[in-house]
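> output the structure for:
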Amino acid sequence: MEIKKAGDIMISLDKYPHIPYWFTLRQAMAEIENAEFEMNGNKCPCRVLLVFDEKYQLLGTVRRRDILRGLEPEFLSNLVIEERKNYFDSKKDQQSRHPAIDKLKESILDRAQRPVSDIMRIIKATVNFDDHILRVIYEMVDNNVSVIPVLKDNRVVGALRSEDVFHEVASLLLG
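Model prediction:
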């Protein structure tokens, strides 16, 4: 059984969705919505975008959950947990909250214009193109990331997703 290296199973940067840091949350959401991969005959949705600066230096990542959190209206984030729960209590009269729902929609539309750099996650780890898959597993687990950038000559050349690493290890173990 040959154990592969990062470069053998990565998704090359020209196929992996990435955006500049000045894109809005709305633009980032559109990128994630429209991106999917074909892996092992299956279509897979994109869960994480890579974020670059104008010199194509990697700055961070943005997950779907980060975008959703970034859309949260400021007036809600200032409420204590119980007040937030009450705000969305479906048992309460929805009609009496109609103006609040309109305020919520307006605020989300406004927050969608924020730059992705406001919410991106700083890169915790990278792996090299020639790194053994065991190193990839270590970095993913140790840094609690599901996507890890792959470098060659100190430049990003692709990304590895935990799904693909898992599939590779399963192929080794299950034959």
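> so which residues of the protein form strands?
For the chain, applying DSSP state E gives strands covering 11-12, 18-20, 36-39, 42-45, 48-52, 58-63, 121-122, 127-128, 147-152, 155-161.
> what lines up beside the longest one in the sheet?
Partners of strand 155-161 in the sheet, by DSSP bridges, are strand 11-12 (antiparallel), strand 147-152 (antiparallel).
> mean confidence for it?
Over the span of strand 155-161, the pLDDT mean works out to 96.
> what does it rub up against?
Under the contact criterion CB atoms under 8 Å, 6 or more residues apart in numbering, strand 155-161 has outside partners 6-7, 9-13, 16, 37, 47-48, 50, 52, 56, 58, 126-127, 129, 136, 140, 146-151. Using the backbone N, CA and C atoms, a C-beta is placed for each residue, glycine as well.
> alpha carbons only: can I get stretch 138-155 in PDB?
These are the backbone C-alpha positions of stretch 138-155, laid out as PDB (Å, rounded to 0.1, in the frame of the first residue of the first chain):
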ATOM      1  CA  TYR A 138      -1.800  15.700  12.200                       C
ATOM      2  CA  GLU A 139      -2.100  19.300  11.200                       C
ATOM      3  CA  MET A 140      -5.900  19.100  10.500                       C
ATOM      4  CA  VAL A 141      -6.600  17.400  13.800                       C
ATOM      5  CA  ASP A 142      -4.100  19.500  15.900                       C
ATOM      6  CA  ASN A 143      -5.500  22.700  14.400                       C
ATOM      7  CA  ASN A 144      -9.100  21.700  14.200                       C
ATOM      8  CA  VAL A 145      -9.500  22.600  10.500                       C
ATOM      9  CA  SER A 146     -11.400  20.900   7.800                       C
ATOM     10  CA  VAL A 147      -9.400  22.600   4.900                       C
ATOM     11  CA  ILE A 148      -5.700  23.100   4.800                       C
ATOM     12  CA  PRO A 149      -3.800  25.000   2.200                       C
ATOM     13  CA  VAL A 150      -1.000  23.200   0.300                       C
ATOM     14  CA  LEU A 151       2.300  25.100  -0.400                       C
ATOM     15  CA  LYS A 152       5.000  24.500  -2.900                       C
ATOM     16  CA  ASP A 153       8.000  26.800  -3.000                       C
ATOM     17  CA  ASN A 154       6.200  29.000  -0.400                       C
ATOM     18  CA  ARG A 155       3.200  29.600  -2.700                       C
END
